[in-house]
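1. The following block contains a protein sequence and its predicted model.
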Amino acid sequence: MTRLLALCAATAVALAWAGSAAAFTCPATPLEERIAQADAVFVGRSTGSTPVANSGIPQRLYRFEIDQEVKGKVSHILLLRVPVRPVNGGQVIPTDVAAGILASRVGNGWYTTRCGITDPGAVLATVDKPKGNAVKLGIGILILVSVLGYSLRQLRKRRPRPA
């Protein structure tokens, strides 16, 4: 009886291990690095999809209307292949919902997985970081020095001079 329980436990552990090993996992790299590695990044909305025949891994071809280009040159309408099954990195993309897309070129087309589909606000916030902070700091310091110099001159003028 104990051997049967041990065999059942070993089988359960092996099945759990095999299930997690086959799962598709996204890398834990920061969004900035993922954007740098992508061939094209944009914010867009899916207007529909069709299955891709004879593609090996089951895929859907999504049609995207581009709201904003972030990286790379893409047309106003882009066709994007996405795997169907989650185990292959697949994800269903809802129609007419804004999404941030990190796509790569595969042959003549564009391709992404669920790791390349993200929050559009996060994509835009990562790319639209304020620039020119050093210049702004320099101007602020110049204004501060000018105001302090002017104030010190005014204080010297007001002081009574010893007789």
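-> That came through, no problem. Residues are numbered from 1 along each chain as shown.

2. distance between the lengthiest helix in the chain and the chain's centre?
-> Taking DSSP state H as the criterion, the chain has its longest helix at helix 133-158. Relative to the mean C-alpha coordinate of its chain, helix 133-158 is positioned 42 Å out (CA atoms, centre = their mean, to the nearest Å).

3. Buried residues in stretch 63-80, which are they?
-> 63-64, 66, 69-71, 74, 78, 80 (16 or more other CB atoms under 10 Å). Any C-beta I mention is one placed from the backbone N, CA and C, and that applies to glycine too.

4. from those, which two are the most distant?
-> Arg63 and Lys71 (20.2 Å; CB to CB).

5. Please enumerate the strands of the protein.
-> Under the criterion DSSP state E, the chain carries strands at the ranges 40-52, 59-71, 77-83, 98-106, 109-111, 117-118.

6. Which one of those lies nearest to Pro27?
-> Using CB to CB as the measure, strand 98-106 is the one of the strands of the chain that comes nearest Pro27, at 11.8 Å.

7. Please list the outside residues in contact with the closest one.
-> By CB atoms under 8 Å, 6 or more residues apart in numbering, the residues outside strand 98-106 that reach it are 34-35, 37-46, 64, 67, 70, 78, 80-81, 93, 110-112, 115-124.

8. can you do 6 Å?
-> Outside of strand 98-106, the residues that reach it under the criterion CB atoms under 6 Å, 6 or more residues apart in numbering are 34, 38-43, 45, 80, 110-112, 116-120, 123.
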